[in-house]
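Student: Provided below for reference: sequence and predicted model.
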Amino acid sequence: MYGDHEGVIINFNDIGGSENFYRFQMNRTIDSSVYGASNLGLVHSACTNGAFFKISEFGRSIYFDKGLDGQAIQFVVEPAFKHKKDDTAYVYVQSLDKNTADFYDNIDKQKLAQLNPFVEPVFLKTKIEGCIGVFGSAVVSDSLVFVYPE
């Protein structure tokens, strides 16, 4: 269990012979009874009148294959929303180019620095003059069906 909800463990083999960067993605359907897992604020809303809606959860962390080229990689992801037994999700691994990976890694570091006086602030680097952002790419794997066991 992670923070009153379970994490999802991803296992896959790295593509050997090149520098690779990965990120987690999970798509599922939730209703208004589902709460956000973060203690930074509850997402619960009665506005949907019990209807189901689709969400996509993207992992904050970027996983690099440095030192693991062509080997098995595992990462544990803490979903953004709580779940119930037998909820079904579709899990993906995103393969990112270096520009995209660096940008999202900086966003993650910036988030970790918020409200924490012991973490050095991080400034977002951009590849677009006068804007915050990056031109890059992400390739999404086929989905794997995941059913929450409890």
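Tutor: It's in. Numbering: from 1, shown residues only.
Student: what about residue 99, helix or strand, and which?
Tutor: Here residue 99 is covered by helix 98-113, with elements defined by DSSP states H and E.
Student: show residues contacting that helix.
Tutor: Residues from elsewhere that reach helix 98-113 (Cβ atoms under 8 Å, 6 or more residues apart in numbering): 19, 21, 23, 60-62, 64, 96, 119-127, 133-138. In this view, the C-beta of every residue, glycine as well, is placed from N, C-alpha and C.
Student: give the next helix or strand downstream of the least confident helix or strand in the chain by mean pLDDT.
Tutor: Least confident helix or strand of the chain, by mean pLDDT, DSSP states H and E, is helix 98-113 with a mean of 83. Counting by DSSP H and E, the element after helix 98-113 in chain order, helix or strand, is strand 138-140.
Student: what lines up beside that next one in the sheet?
Tutor: Partner strands for strand 138-140, per DSSP bridges, with pairing direction: strand 88-96 (antiparallel).
Student: what comes up buried for the partner strand?
Tutor: 89, 91, 92, 93, 94, 95, 96 (16 or more other Cβ atoms under 10 Å).
Student: and that strand, average pLDDT?
Tutor: Mean pLDDT, computed over strand 88-96, is 93.
Student: just the CA atoms of it, as CSV, please.
Tutor: Extracted in CSV, the C-alpha atoms of strand 88-96 (Å, rounded to 0.1, in the frame of the first residue of the first chain):
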residue,chain,number,x,y,z
THR,A,88,-10.0,-2.0,-14.4
ALA,A,89,-7.3,0.2,-15.8
TYR,A,90,-5.2,0.2,-19.0
VAL,A,91,-1.5,0.7,-18.4
TYR,A,92,1.0,2.0,-20.9
VAL,A,93,4.7,2.8,-21.0
GLN,A,94,5.6,6.0,-22.9
SER,A,95,9.0,6.1,-24.6
LEU,A,96,10.1,9.8,-24.8
